[in-house]
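>>> Sequence and predicted model, in that order:
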Amino acid sequence: NYVCEKENDQAYTTPLVVTEGDRTVLIVWGADHLTGHDAGTGQMLWSCGGFNPQNKKHWRVIASPAFSNEIAVVPYGREKHVAGIKIGGSGDITESARIWEKSDMGTDVATPVIKDGKVYIVSFKGNVWCLDVGTGVELWQSKLPRGKGTIFSSPTLSQDKLYICREEGAVYVAQITATGLQVLTETHFDEKFVATPVLVQDKILLRGEKYLYCIGK
């Protein structure tokens with residue numbers, strides 16, 4: 001059996017269920033390691049480490065990984081780092097799996113979102129990056145309008161629009177272009193938003209601290 005070394009005890013991420021060849025794998029983004037487990041038995045299949053080289057005690061992660069085409073995009077280090085990891089294999093894949101890594105950018109809480117080979121990352125203060133999933137090359141960087149509060153909720157992507165909420169009640173709908181974001185609407189609620197917006201048919205569901213909102217025709 002493959003045993004993963006001890007890591008710090010703070011990870012708040014959601015596991016992913018993916019298919020590797022003919023097996024179903026549960027991917028877990030822990031505080032220091034990305035691991036793959038057999039979904040039927042729980043057995044660890046592979047582990048990718050090296051995300052906490054200084055063994056910092058409070059090196060916690062909150063944002064879950066995004067996944068596309070056998071690549072997991074993992075943000076870590078409290079908005080300081082993001083990496084692209086090729087999943088699969090067996091045992092310790094730390095040296096072979098890391099295909100790219102970026103520093104001085106990232107997200108602490110909001111999970112990135114991927115579409116058409118591009119990953120969109122939103123920081124606490126509303127910085128937005130678009131990276132090529134396969135290479136990590138930065139395609140553009142934008143910034144949302146200044147506003148009160150930070151961004152805890154994850155962005156939602158539908159067609160070519162991002163839906164993003166600030167904690168202090170601002171909700172943005174932004175058009176994705178070849179060079180950045182164009183904010184189409186900015187709506188303010190007397191509310192606090194931490195949950196991710198949900199799109200259902202032609203409606204938007206927003207869960208606030210006080211109310212659940214349904215917006216649409």
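Received it, and whenever you're ready, just let me know what you need. Residues are numbered from 1 along each chain as shown.

>>> what residues does the helix or strand where residue 128 lies touch?
Assigned by DSSP states H and E, residue 128 belongs to strand 127-132. For strand 127-132, contacts defined as CB atoms under 8 Å, 6 or more residues apart in numbering pick out 73, 82, 102, 105, 117-122, 137-144, 162, 174, 176, 180-181. Where C-beta positions appear, they are placed from N, C-alpha and C, glycine not excepted.

>>> let's see it at 7 Å
Here strand 127-132 makes contact (CB atoms under 7 Å, 6 or more residues apart in numbering) with 105, 117-122, 137-144, 181.

>>> Let's see which of these end up in strands.
Of the contacts of strand 127-132, the ones assigned to strands by DSSP state E are 118-122, 138-143, 181.

>>> Tabulate those residues (TSV), appending pLDDT and neighbour count.
Listed next are the ones in strands among the contacts of strand 127-132 as TSV, based on pLDDT from 0 to 100; neighbours: other CB atoms under 10 Å:
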residue	pLDDT	neighbour count
118	98	17
119	98	24
120	98	24
121	98	25
122	98	26
138	98	12
139	98	15
140	98	15
141	97	15
142	97	20
143	97	12
181	97	23
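
>>> I'd like to know how far residue 198 sits from residue 213.
11 Å (CB to CB, to the nearest Å).

>>> who has more neighbours, those two?
A count of neighbours by other CB atoms under 10 Å puts residue 213 above the other of residue 198 and residue 213, at 16 against 13.

>>> now, among the contacts of strand 127-132, which is nearest to residue 46?
residue 119 (21.7 Å; CB to CB).

>>> sorry, back to before: which one of the contacts of strand 127-132 is nearest residue 93?
Out of these, the member with the shortest distance to residue 93 (by CB to CB) is residue 119, at 20.5 Å.

>>> can I assume that closest one is in contact with residue 73?
Yes: in this structure, residue 119 is within contact of residue 73 by CB atoms under 7 Å, at 5.0 Å.

>>> What is the neighbour count of residue 217?
A count of nearby residues for residue 217, using other CB under 10 Å, gives 5.

>>> I figured it hits residue 204, correct?
No: the criterion here is CB under 7 Å, and residue 217 misses it with residue 204 at 11.1 Å.

>>> the helices in the protein, which residues?
Counting by DSSP state H, one finds helices in the chain at the ranges 94-97.

>>> where does it dip in pLDDT?
1-9 (pLDDT under 70).
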